[in-house]
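S.K.: build me a model from this:
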Amino acid sequence: MNLADEIAQMQQEMMQDIPESVLQSLQEENMRLLAKNPEAQALNEGEMIPHIRLYNHLGKVVDVQSLLREKDLVISFYRGTWCPYCSLELRALVEHYQDIVDAGADVVAISPELPDKSMDSIERERMPFQVLSDPGNRIAQEFGLIFQLSPVLQKIYKDFGFDLVDKNGDLTWRLPIPATYIVRQNGRILTAYVNSDYTQRMDPGAIVEQLN
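M.R.: Numbering: from 1, shown residues only. Below is the predicted model of the structure:
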């Protein structure tokens, strides 16, 4: 089963437990975001990535450019381990990690989530790649990936138990658009998958194809 099929199955199961009024609000807010086309501002293929220097979940500073000296990188921007779609994507990257390594690349995952909020998920899934915290979405902003959650979505997220003020340590209620970048060793973007519909993600099988 590929990632898209796993997401579709999860959606079908989740929707049974979400009130119709909430589903309608989520769909309306998602349509408003899609209409703004925020991904048009994102870094694209052929452009150079900015310098990335962030803490991992263990509090160690990771310089992404130093990782690029060794091999190409797959950089995944995700919303947080609290997001079920992101969790599926991260799990799929874990399952395909060796295929990505065999194709000559490594993986770095970045979210605004505080390290201590993501540690349990990272250790439970035994993620073999670097998972970095981007406080205040500074790096995501440089990639052009940031969007603001509306007051309607803020309330819905709180009702679901997703208090982003607590999870991200800031008051902005901003998130990165989920995005996958394949970056060559010289720092230039080979592939950019950016979709403001957070239910859509790049399948790891497609990542391996691009690398090959």
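
S.K.: most centrally placed residue in the protein?
M.R.: Y78 (1.4 Å; Cα atoms, centre = their mean).

S.K.: show me the contacts for that one.
M.R.: 86, 89-90, 109-111, 176, 178 (Cβ atoms under 8 Å, 6 or more residues apart in numbering). From N, CA and C alone the C-beta is placed, and that goes for glycine too.

S.K.: same thing but at 6 Å, please
M.R.: The contact partners of Y78, by Cβ atoms under 6 Å, 6 or more residues apart in numbering, come to 86, 111, 178.

S.K.: got it, and Y97?
M.R.: P128.

S.K.: and the residue nearest to the centre of the chain, its phi and psi?
M.R.: phi -130, psi 160 (degrees, to the nearest 10).

S.K.: the one 5 residues further on now?
M.R.: For C83, the backbone dihedrals are phi -80, psi 120 (criterion: degrees, to the nearest 10).

S.K.: skipping adjacent residues, who's closest to it in space?
M.R.: Y198 (7.3 Å; Cβ to Cβ, 6 or more residues apart in numbering).

S.K.: thought the one you found was touching I177?
M.R.: No - in this structure Y198 lies outside contact range of I177 using Cβ atoms under 6 Å: 7.6 Å.

S.K.: these two - which one has more neighbours?
M.R.: The neighbour count for Y198 versus I177, taken as other Cβ atoms under 10 Å, is higher for I177 (22 against 18).

S.K.: so who does the nearest residue to S150 once chain neighbours are set aside touch?
M.R.: Of all residues not flanking S150 in the chain, E29 sits nearest, at 5.7 Å (Cβ to Cβ, 6+ apart). Residues in contact with E29 (Cβ under 6 Å, 6+ apart) are 150, 152-153.
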